[in-house]
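# Starting from these lines, generate the structure:
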Amino acid sequence: MQVFKLYIKLFTKALPTIAIYIGVFLAIVVLSTLNNNDTNSTIFEESKVRIAYINRDEESILLQGFKNHLGNSSVFVDIEDTDEGLKDALFFRDATYILIIPEGFTRDFLSGNEPILNKIHLPDFMDATIDLAVNNYFNTARTYLNHIENLSEKEIVEKVTRDLNTKVEVNIYSGKVDQVDSSSTIFYYDYLVYVILSVMILGIGSIMITFSNLDIKRRNLASPISLVNYQFQQILAYLFFAVICLVIFISIGLLLTSQSLFQITSLLLILNVISFTTCALSIAYLVGSLVKSRGSTDMIANVIGLGMSFIGGVFVPIEFLGETVIQVSKFTPAYWYTTANGAIANLTNFTWNNLSSIFSHMLIQLGFTIAIFAVALVINKNKSTEAV
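Numbers count the residues shown, from 1 in each chain. As a prediction, this is how the structure comes out:
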């Protein structure tokens, strides 16, 4: 295994450059993961609105109950009840919503009329919480007023308060087993596109350049090791390097994202990253077959890594890309890799219908691997004839 050992020694010499890429990658991912853990939360949390409640009517039981109900979704602030005071409150954002109860509101409402509440809010105010609370309260009160005779004002408020405070517990069961629980997991695995491509091209490409010298090629052909044995040890060294990189990146991913190795989603993500690594390996082999200097290898590693990351949905989500860019990105393995990651993140149950598209994306990546590797073999075969 002389060839294999030689390749391993050459890989160790390239470790400083590779370590820089891995270090920068880890710094970016760790910082971004810490900042984005709760960014894509799918849990709805009601926020309270700063509201100025101005009552120009009497302090009736109906309005007191309404104010209590409104307090569940808002924070009351005191402002001056003048035109100047209202304008200042909105201008300085002391309140984002001003609700004014007109004079005679209670009398008109209990008489069966439909008096109008006056409201003023900021132009960019998009929260419908207050309007919803107002409509719920008075629509419910009007229902009791119109359909039950001889109800007192106090009884109407009691019934409305009871109805609006009734909570219904809803349990949603989707049959999921261990869905990805954080956007940081997909964020990490998506960003592996850049680092895997860069590390593979730098590691494998630089080694192949060392053996591209014509004198070294002729010496290898004249050695007692057969060409088949030589190529076998060469491929074995490349695979060994790829496996070591995968173990490092997967271990870091499991540590950062707190995912268990034995979760089905984790296994699918790992299987997907293995499929992409085979593509990166074939791309690195092709680059090493074409490039003749280490400087060119560094440049190409950056161009390919950044290029695929930008159009493949890593740095910019797929949904934000233009249609033309998406059509172009489909000719890169990065697109199918990130698309598969997104599908894995959205899994709620593991039926064949849901998994089939994910496996098809992995097979497409393997198809890229075979095609790129075949091109590289043809180039290497032509170069080997030149050395004879």
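# Outline the domain layout of this structure.
The chain is divided into the following domains under automatic domain parsing: 2-37+182-387, 49-164.
# Turn those domains into a markdown table, including mean pLDDT and mean neighbour count.
(Glycine included, C-beta is placed from N, CA and C.) Below are the domains of the chain laid out as a markdown table (pLDDT from 0 to 100; neighbours: other CB atoms under 10 Å):
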| stretch | mean pLDDT | mean neighbour count |
| --- | --- | --- |
| domain 2-37+182-387 | 80 | 17 |
| domain 49-164 | 89 | 15 |
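# Tell me the secondary structure of the residue sitting furthest away from the middle of the chain, please.
In the chain, counting by CA atoms, centre = their mean, N150 sits farthest out from the average C-alpha position, at 57.8 Å. Secondary structure, DSSP: H, G, I helix; E, B strand; the rest coil: N150 is coil.
# residue ranges of the strands in this structure, please?
Remark: strands assigned in the chain by DSSP state E are 49-55, 74-76, 97-101, 118-121.
# need those in JSON lines with distance to I186, can you?
Converted to JSON lines, those look like this (distance: least, CB to CB, whole Å):
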{"stretch": "strand 49-55", "distance to I186": "33"}
{"stretch": "strand 74-76", "distance to I186": "36"}
{"stretch": "strand 97-101", "distance to I186": "37"}
{"stretch": "strand 118-121", "distance to I186": "38"}
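# Between those strands, which one is closest to T17.
strand 49-55 (54.7 Å; CB to CB).
# R142 is in contact with V160, correct?
No. Between V160 and R142 no contact is recorded; they are 9.6 Å apart, counting by CB atoms under 8 Å.
# Mind checking the strands of the chain for the one nearest to K67?
Across the strands of the chain, closest to K67 is strand 49-55 (CB to CB), at 6.2 Å.
# circling back to that earlier point, and the residue farthest from the centre of the chain, how close does it get to I156?
For N150, the distance to I156 equals 11 Å [CB to CB, to the nearest Å].
# One more: I54?
Noted for I54: a distance of 23 Å to I156, by CB to CB.
# again, but for F320
51 Å.
# Likewise for I51?
Taken as CB to CB, the span from I51 to I156 is 23 Å.
# again with A334
In this view, A334 and I156 are 63 Å apart by CB to CB.
# now for whichever helix in the chain runs longest, which elements pack on it?
Assignment by DSSP state H gives helix 352-387 as the longest helix of the chain. In terms of contacts (3 or more CB pairs under 8 Å, 6 or more residues apart in numbering; DSSP states H and E), helix 352-387 is packed against helix 214-222, helix 264-290, helix 333-345.
# Can you check which of those helices gets nearest to L377?
Nearest to L377, of all those, is helix 264-290, at 8.6 Å by CB to CB.
# how big is the angle separating that closest one from helix 352-387?
Orientation of helix 264-290 against helix 352-387 (axes from the mean of the first three to the mean of the last three CA atoms, to 10 degrees) gives an angle of 20 degrees.
# From T210, how far out is A376?
With distances taken as CB to CB, A376 is found 17 Å from T210.
# whoops, W336 was the one
32 Å.
# Which parts of the stretch 151-300 of the chain are helices?
For the stretch 151-300 of the chain, the helices defined by DSSP state H, counting those that start in this stretch cover 153-164, 183-210, 214-222, 227-257, 264-290, 294-311.
# Out of those helices, flag the one nearest I344.
I344 lies closest to helix 264-290 among these, at 4.9 Å (CB to CB).
# still on that earlier bit, next, format the helices and strands packed on helix 352-387 as CSV and append distance to L254.
Formatted as CSV, the helices and strands packed on helix 352-387 follow (distance: least, CB to CB, whole Å):
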stretch, distance to L254
helix 214-222, 40
helix 264-290, 7
helix 333-345, 15
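# Nearest to L164, out of the ones you listed?
helix 333-345 (37.1 Å).
# Can you show me the CA trace of that closest one as PDB?
What follows is helix 333-345, C-alpha atoms only, in PDB (Å, rounded to 0.1, in the frame of the first residue of the first chain):
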ATOM      1  CA  PRO A 333     -26.000  19.000  -7.500                       C
ATOM      2  CA  ALA A 334     -26.300  21.700  -4.900                       C
ATOM      3  CA  TYR A 335     -29.900  22.500  -5.900                       C
ATOM      4  CA  TRP A 336     -31.000  18.900  -5.400                       C
ATOM      5  CA  TYR A 337     -29.100  18.600  -2.200                       C
ATOM      6  CA  THR A 338     -30.700  21.700  -0.600                       C
ATOM      7  CA  THR A 339     -34.100  20.800  -2.000                       C
ATOM      8  CA  ALA A 340     -33.900  17.400  -0.300                       C
ATOM      9  CA  ASN A 341     -32.800  19.000   3.000                       C
ATOM     10  CA  GLY A 342     -35.900  21.200   2.800                       C
ATOM     11  CA  ALA A 343     -38.100  18.200   2.200                       C
ATOM     12  CA  ILE A 344     -36.600  16.400   5.100                       C
ATOM     13  CA  ALA A 345     -37.200  19.400   7.400                       C
END
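# Many thanks, we can stop here.
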